[in-house]
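> I need the structure of the sequence given here:
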Amino acid sequence: MGKIKMGGSATMEFDPDYCEFHITVTATNETSGYSIAKGRRITESVLRMLNEKIGIDIENITLKSEETDSSYDNNDNTVYEFEKKFFFCYKADNSITEAVTEMLEDMSGVTYSIEFKLNDKSGKEQLVMSTAVNDSKEKAEMLAEALGSRITGFEEIKYRFNESTDDVVIHDMLYMCADQSTPPHLASKLKNPKIEISKNVEVIWLTD
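Below you'll find the predicted structure:
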């Protein structure tokens, strides 16, 4: 009985299942109270518009963080900055993304970012890992055949697991103020970026 140590790898691309839309509200003033009050007013305006114009249930929006910090301006005066971050998830649909960004474009003190995500990521990683193992086995079988042997099993497999987030509840959003007579933004027709998953394994195969 012999052994063959063989590495295997696989890379696969997947279409994103959903988007995380992150919004950051900031307000700066020389007094902490005013910066907080201004930031809260902006936040209420954003949330109201998300609910009334996009159709997002406020209960489906998650608060990420909120803080007020102090710093100094160019004249060494103390300034206070209010910052509040929150996000919501929805099916990867660029028409929704365009509707939200259009809503925000005239608001000051608001920035945003979008993250494309996979639902059931662990299941997709399992698929890629299985492909990597098969890649290792196929190469080991070719080598074993050249040596007049065959693969009978494996002794050890080395693989590094990564933490994954699964089973995100994806909410259907309704663009309630959409004008059916207005052509959609060209940006809403853009393709979403693929999400790439790569896995590498190292297997010790047994031969007869």
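> What helices and strands are in contact with the lengthiest helix in the chain?
Secondary structure assigned by DSSP state H gives helix 121-146 as the longest helix of the chain. Helix 121-146 sits against strand 2-14, strand 151-158, strand 195-207, with contacts defined as 3 or more Cβ pairs under 8 Å, 6 or more residues apart in numbering; DSSP states H and E. In short, each C-beta sits where N, CA and C put it, glycine included.
> how about those, which one is nearest Lys121?
Comparing the helices and strands packed on helix 121-146 against Lys121 with Cβ to Cβ, the closest turns out to be strand 195-207 (8.0 Å).
> Now do that closest one against strand 151-158, angle only.
On the basis of axes from the mean of the first three to the mean of the last three Cα atoms, to 10 degrees, strand 195-207 is oriented at 130 degrees to strand 151-158.
> Tell me the helices and strands packed up against strand 195-207.
Strand 195-207 packs on strand 2-14, helix 121-146, strand 151-158, going by 3+ Cβ pairs under 8 Å, 6+ apart.
> Just the mean pLDDT for the second one, thanks.
Taken as a whole, helix 121-146 has a mean pLDDT of 94.
> which one of the helices and strands packed on strand 195-207 lies closest to Ser188?
Here strand 2-14 is closest among the helices and strands packed on strand 195-207 (Cβ to Cβ), at 21.3 Å.
> Using CSV, lay out the helices and strands packed on strand 195-207 together with mean neighbour count and distance to Phe88.
What follows is the helices and strands packed on strand 195-207, written out as CSV (neighbours: other Cβ atoms under 10 Å; distance: least, Cβ to Cβ, whole Å):
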stretch, mean neighbour count, distance to Phe88
strand 2-14, 15, 22
helix 121-146, 16, 19
strand 151-158, 13, 40
